[in-house]
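Novice: Just a sequence and a predicted model for now, questions to come.
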Number of protein chains: 2
Amino acid sequence: MAHSNPENRPVRRPPASRARVRRPTPAADAIELGELSDLLGYVLKRAQLRVFEDFLRCVATMQLTPAQFSVLLLLDRNPGRNQTEIASTLGIQRPNFVAMLDSLEDRGLCQRSRSPQDRRSHVLMLTEKGRTVLARAKKLISTRHEARLTRLLGSEDRVALLRMLTVIARDF
Amino acid sequence: MAHSNPENRPVRRPPASRARVRRPTPAADAIELGELSDLLGYVLKRAQLRVFEDFLRCVATMQLTPAQFSVLLLLDRNPGRNQTEIASTLGIQRPNFVAMLDSLEDRGLCQRSRSPQDRRSHVLMLTEKGRTVLARAKKLISTRHEARLTRLLGSEDRVALLRMLTVIARDF
DNA sequence: CCTTATTTGGTATAGTCCATAACGATTATC
DNA sequence: GATAATCGTTATGGACTATACCAAATAAGG
């Protein structure tokens, strides 16, 4: 074990030629990732961080995090639901969802109102401003963020990737 | 777009018949994910959480997190490096790497020693126990965790997935 | 009807990660 | 020899997550 020269790099054999052998001692150079490159979790996590970074850049003008964006999407598609339903769908704990909604409501993007049927729960709705912001964000995500992915992988691989990730998220 | 009937369920149009149209108002039922299912970041994040959960279960007997496991892997493949090099390779800030190493060293899995060449830096090495633990963890990951992935996707798709994620992590 | 359980939104709190500033010791640079 | 840069480290704060608990409201059961 111990330094097994896995890349089969020539170990510095400068026989003839006084000219500099290319990279004489790469020893102290780059670190070997080794089996890390094949570890699903590792690659997955790094990819996710990159994607989130790009997402933030793409919608930077409207100050939306991926989590906030997903809330707006859900509220738009499922108006009138309460906090428990929206939060649990997104895998957010109800207590943690409170501050998040506070923020969105303070910015005038959504609105809580007591349900007449069940006065415990809050009916959630996007405001008009919320719909506008969401529409603009969707356009940015689509034309910048997702377009970048398609450019990088090709639209066929992109579909395959989403399919596989969905399978993992559901069945792993 | 908009509710594309993804399951190809027969839409069932009972033209006449006063009998209850099946699912008259699925309204108050399940929440529609909508465009969320096609949002790369969302699916990526959920998949990553699932994978990390499974990782933790698989190596639960030896109490290793994904991050700790990746450190052990790197130390094994790159003995004698210092903290800055290992941390930066893993995308960990140096200050945050200190406590992590403390933990691994307290458990007797690795060892810091001052470098004779540069007495500022610490030379990092796995201990014998560290190598043993790593070997057992690798076996668990391989036979349980990665095997599960292969079973879920097939070995061909698994390779394709890792390739695409690597591309994203590097070029996105 | 009345008592008990459950649910909803909310607060408080603690743990984990992650990022930055700063410091002493050591080494590099000029 | 003075100054700058690097290494490990501490301290600290922000973001996100998980749990216990609360009052108000509703549901369930006698």
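Specialist: All right, it came through fine. Numbers count the residues shown, from 1 in each chain, chains lettered A, B, ... in the order given.
Novice: can you list the residues of chain A near DNA strand D?
Specialist: Contact residues, chain A versus DNA strand D (Cβ under 7 Å from any atom of the strand): A:Thr65, A:Ala67, A:Gly91, A:Ile92, A:Gln93, A:Pro95, A:Asn96, A:Asp118, A:Arg119, A:Arg120. C-beta here means a position set from N, CA and C on the backbone, and glycine is covered the same way.
Novice: wait, what's in contact with the first one?
Specialist: By Cβ atoms under 8 Å, 6 or more residues apart in numbering or on different chains, the residues touching A:Thr65 are A:Leu56.
Novice: Per-residue confidence at it, what does it come out as?
Specialist: Looking at A:Thr65, its pLDDT stands at 98.
Novice: Ok, A:Asp29 next?
Specialist: At A:Asp29, pLDDT is 77.
Novice: can you count the residues close to it?
Specialist: Using other Cβ atoms under 10 Å in any protein chain shown, A:Asp29 is surrounded by 8 other residues.
Novice: can you pull out the helices in chain A?
Specialist: Using DSSP state H, the helices assigned to chain A run over residues A:40-58, A:66-77, A:83-89, A:94-106, A:128-140, A:147-153, A:155-171.
Novice: I'd like the ones you listed written out as JSON lines, with mean neighbour count and distance to B:Ala160 added.
Specialist: Below are these laid out as JSON lines (neighbours: other Cβ atoms under 10 Å in any protein chain shown; distance: least, Cβ to Cβ, whole Å):
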{"stretch": "helix A:40-58", "mean neighbour count": "21", "distance to B:Ala160": "12"}
{"stretch": "helix A:66-77", "mean neighbour count": "22", "distance to B:Ala160": "25"}
{"stretch": "helix A:83-89", "mean neighbour count": "18", "distance to B:Ala160": "29"}
{"stretch": "helix A:94-106", "mean neighbour count": "14", "distance to B:Ala160": "35"}
{"stretch": "helix A:128-140", "mean neighbour count": "16", "distance to B:Ala160": "29"}
{"stretch": "helix A:147-153", "mean neighbour count": "15", "distance to B:Ala160": "10"}
{"stretch": "helix A:155-171", "mean neighbour count": "17", "distance to B:Ala160": "7"}
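Novice: quick one: A:Leu134 and B:Glu35, what's the gap?
Specialist: Using Cβ to Cβ, to the nearest Å, we find A:Leu134 at a distance of 10 Å from B:Glu35.
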